[in-house]
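>>> test case, fold it:
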Amino acid sequence: MDGSCKHCLKWMWVACFYFEFMLVSAEFQRFQHPVKADGSLSFLVIGDWGRKGAYNQSQVALQMGKVGEKLGIDFVISTGDNFYEKGLATPYDPHFKHSFTNIYSANSLQKQWCSVLGNHDYRGDVQAQLSPILRKIDSRWLCLRSFLVNTEIAELFFIDTTPFVDEYFRNPKHQKFDWRGVIPSNKYLTRVLKELRCALRESVGKWKIVIGHHPIRSIGHHGQTKELITLLLPILEAYNVDMYINGHDHCLQHLSSITSPLQFFTSGGGSKAWKGDFDYLDGGGDDEIKFYYDGQGFMSVELTPTNAKIAFYDVSGNVLHSFNSNQLYYTYSTEM
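Take a look at the predicted model:
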């Protein structure tokens with residue numbers, strides 16, 4: 001193991017949800033979470049949601065509570081754009097309670113929320129969302145730039161993708177971004193990618209899942225993110241990552257790589273959706289389109305040591321699309 005991969009600093013507890021973290025660097029922290037007694041793990045994924053209950057946010061939250069109870073979820077993942085339109089102004093911004101605490105109130109959702117930042121979050125005070133003050137207001141909240149959650153059978157790598165997008169620096173369109181802690185961006189991105197490579201190289205989890213706000217592949221409004229295709233995708237393929245999960249496009253979708261087992265999942269339907277806004281020709285690249293839905297909803301992930309089951313739900317709780325990794329790997333191996 002090289003020196004850059006040695007992680008040995010300090011441990012401390014976060015809230016009372018069995019999360020621990022080890023400080024690795026200023027950008028990458030490590031958390032531990034147990035699996036269930038039977039060795040399984042389940043969680044929900046929601047993105048692009050914080051609108052004080054509007055645009056069906058409350059209805060999506062209601063269905064999340066029902067599915068979360070049925071599955072006995074261990075935690076919730078947010079893929080970013082947590083608070084519209086411009087993140088939080090301060091750690092005491094009432095937007096936090098109106099869009100998070102008061103909305104996701106079901107008993108099953110009183111678990112740790114692991115959140116990344118989206119581009120709209122960068123338009124507010126980024127430090128407010130990262131502040132431990134929010135954890136005192138609502139102990140479920142955990143938002144960091146980039147970090148890792150180890151769950152024994154799976155490792156989840158959360159990546160801060162907004163600073164990867166050149167357009168936000170070149171052409172902000174009168175939008176201000178809070179780049180504190182990011183400038184100079186080339187050094188920041190180099191550090192993030194180095195930490196990710198190191199963590200993936202050390203990973204012994206059965207499942208490797210990377211989460212970011214921006215899509216790598218997408219047929220939605222924003223489409224694929226060229227910077228992530230250049231800088232991030234080769235790392236995911238080199239270290240046999242199973243899933244990349246994102247938000248940003250306000251839809252639900254599943255694309256499957258035709259050159260590797262890597263699956264691309266978008267869960268960005270937490271509130272406002274973009275009906276009819278998609279591009280089959282541009283966003284998918286050479287990957288196979290499995291599912292696309294231009295409405296509100298969320299996704300669930302159920303993991304065992306031998307299988308991963310993904311399901312997408314609409315605002316009424318109907319299952320729109322499901323995916324079983326056993327079927328994929330059988331198909332992939334026979335086609336090869």
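>>> list the contacts of stretch 197-209.
For stretch 197-209, contacts defined as C-beta atoms under 8 Å, 6 or more residues apart in numbering pick out 1, 4-5, 28, 30, 148, 150-157, 235, 239-245, 301, 303, 305, 308. (Glycine included, C-beta is placed from N, CA and C.)
>>> again, only using 6 Å
Stretch 197-209 is contacted from outside by 4-5, 148, 153-156, 235, 239, 241-243, 303, 305, using C-beta atoms under 6 Å, 6 or more residues apart in numbering.
>>> what's the closest of those to W141?
L156 (17.0 Å; C-beta to C-beta).
>>> from the chain's centroid, how far away is the helix or strand containing the closest one?
Assigned by DSSP states H and E, L156 belongs to strand 154-158. Going by C-alpha atoms, centre = their mean, to the nearest Å, the spacing between the C-alpha centre of strand 154-158 and its chain's C-alpha centre is 10 Å.
>>> and for stretch 299-309?
Per C-alpha atoms, centre = their mean, the centroid offset for stretch 299-309 relative to its chain is 16 Å.
>>> how about that stretch: buried residues?
Judged by neighbour count using 16 or more other C-beta atoms under 10 Å, the buried positions of stretch 299-309 are M299, S300, V301, E302, L303, T304, A308, K309.
>>> contacts for the helix or strand just after the strand holding L156?
Following strand 154-158 in sequence order, the next helix or strand is helix 167-170 (DSSP H and E). Identification of contacts with helix 167-170 by C-beta under 6 Å, 6+ apart yields F177.
>>> can you do 8 Å?
Contacts of helix 167-170 (C-beta under 8 Å, 6+ apart): N119, Y122, T162, Q175, F177, S185.
>>> which residues in the stretch 51-200 of the chain form helices?
Residue ranges of the helices in the stretch 51-200 of the chain, as given by DSSP state H, counting those that start in this stretch, are 57-71, 95-96, 126-130, 132-137, 167-170, 185-202.
>>> buried residues in the last one, which are they?
When you say that, I think you mean helix 185-202. Those would be Y188, L189, V192, L193, E195, L196, C198, A199, L200, for helix 185-202 by 16+ other C-beta under 10 Å.
>>> now those as a markdown table including pLDDT and distance to R217?
A markdown table is the format used below for the buried residues of helix 185-202 (pLDDT from 0 to 100; distance: C-beta to C-beta, whole Å):
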| residue | pLDDT | distance to R217 |
| --- | --- | --- |
| Y188 | 95 | 24 |
| L189 | 96 | 20 |
| V192 | 95 | 20 |
| L193 | 97 | 19 |
| E195 | 94 | 23 |
| L196 | 96 | 18 |
| C198 | 94 | 25 |
| A199 | 94 | 22 |
| L200 | 95 | 19 |
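>>> from the residues you listed, which is closest to I103?
V192 (30.3 Å).
>>> low-confidence regions, the stretch 101-250 of the chain specifically.
Applying pLDDT under 70 to the stretch 101-250 of the chain flags residues 171-173.
>>> again, 80 this time
171-174 (pLDDT under 80).
>>> picking that back up, show me what the strand holding L156 is packed against.
In terms of contacts (3 or more C-beta pairs under 8 Å, 6 or more residues apart in numbering; DSSP states H and E), strand 154-158 is packed against strand 146-150, helix 185-202, strand 207-211.
>>> would JSON lines of those with distance to F278 be doable?
Compiled in JSON lines, these are given as follows (distance: least, C-beta to C-beta, whole Å):
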{"stretch": "strand 146-150", "distance to F278": "29"}
{"stretch": "helix 185-202", "distance to F278": "29"}
{"stretch": "strand 207-211", "distance to F278": "22"}
